[in-house]
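Trainee: Dropping a prediction and its sequence here:
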Amino acid sequence: MRVLVGFLLLSTALSVLSSAARALDLGRCEPTKAVKIIDKALGEGKTLQQAMEMMIKAKVFDGSKACITFIRENSMTMRDPHPRAFESLWMN
């Protein structure tokens, strides 16, 4: 149940950020860099939303739902070196 609630919150946050990102000058979808940015930001005590905003500012997110999926999938394959990103995107 906790995982489902966490996933719903993440989906909502990503949808809002995705909508906001379309209004910005966006970069390319670079999931590996995005995971690293998210993990570092979370390690600095930032929230997931703040981490996602940093990712957008770094221009490693193109605003698409496909990019969100790629970022989540990359966090799974990068979970050992970047555990905070994995846990935040999959477990909370």
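Mentor: Here it is on my side, so go on.
Trainee: Provide the secondary structure category for the nearest residue to Lys33 once chain neighbours are set aside.
Mentor: Of all residues not flanking Lys33 in the chain, Val60 sits nearest, at 4.4 Å (Cβ to Cβ, 6 or more residues apart in numbering). Using the backbone N, CA and C atoms, a C-beta is placed for each residue, glycine as well. Secondary structure, DSSP: H, G, I helix; E, B strand; the rest coil: Val60 is coil.
Trainee: What separation do you get for Val60 and Pro83?
Mentor: 19 Å (Cβ to Cβ, to the nearest Å).
Trainee: One more: Ile38?
Mentor: Separation of Ile38 from Pro83 (Cβ to Cβ): 11 Å.
Trainee: now swap in Glu30 and tell me
Mentor: 20 Å.
Trainee: More neighbours: those two, which one.
Mentor: Neighbour comparison, Glu30 and Pro83: the larger count goes to Glu30, with 20 against 15 (by other Cβ atoms under 10 Å).
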